[in-house]
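Student: Kindly generate the corresponding structure for this input.
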Amino acid sequence: MPEVPSRRGASNSDPQAKTITDRVAARVNEAALAADRRAGSTRPKSTRHRSRASDRLAADVTRSPEQLREARSLRRVFLDLGDCYRDYRRRTGAPVSDDVRDAATRFRRELTMPALVSVAASLDQLEILSW
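Tutor: Next comes the predicted model:
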């Protein structure tokens, strides 16, 4: 995927990040650090509603803890992008963009950084990313 310079500036977390790829990587890293902080918290979270057996990220493939961490971080950023896009559509009344839909479908199928960058680039073209 080509490195697309930012129209709005760099990520808040890394002032040197200028490409959409750098900005997405910074967001994924932030998501991973946040997950690490939650995992290290002193008060255990309730697991009553979550079953390890139903973990869709690990259902078909045995993954290392680092691979699971990355997949969850990618997914967290994807969900945040989805929230941003839904807010944009709610405010503007815009229909679903075919480019965004195709990029999101590709991400769900592949769960990779390049696929996530494609989603973010589609949203950046609409000028709705604040980072």
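Student: list the buried ones in the longest helix along the chain?
Tutor: Longest helix in the chain by number of residues (criterion: DSSP state H): helix 65-92. The neighbour-count check on helix 65-92 (16 or more other Cβ atoms under 10 Å) flags 69-78, 81, 84-85, 88-89 as buried. In this view, the C-beta of every residue, glycine as well, is placed from N, C-alpha and C.
Student: Please name every helix or strand in contact with it.
Tutor: Helix 65-92 is packed against helix 20-39, helix 98-110, helix 113-125, with contacts defined by 3 or more Cβ pairs under 8 Å, 6 or more residues apart in numbering; DSSP states H and E.
Student: what packs against the longest one?
Tutor: If I follow you right, that is helix 20-39. helix 65-92, helix 113-125.
Student: Residue 28: which of these is closest?
Tutor: helix 65-92 (4.8 Å; Cβ to Cβ).
Student: What residues sit buried inside stretch 22-33?
Tutor: Here stretch 22-33 shows 22, 23, 24, 25, 26, 27, 28, 30, 31, 32 as buried, counting by 16+ other Cβ under 10 Å.
Student: Among these, which one lies nearest to residue 118?
Tutor: Nearest member of the buried residues of stretch 22-33 to residue 118, counting by Cβ to Cβ, is residue 24, at 9.6 Å.
Student: Just to check, that closest one is in contact with residue 117?
Tutor: Yes - here residue 24 reaches residue 117: they are 5.0 Å apart, a contact under Cβ atoms under 8 Å.
Student: Right, I'll call it a day here.
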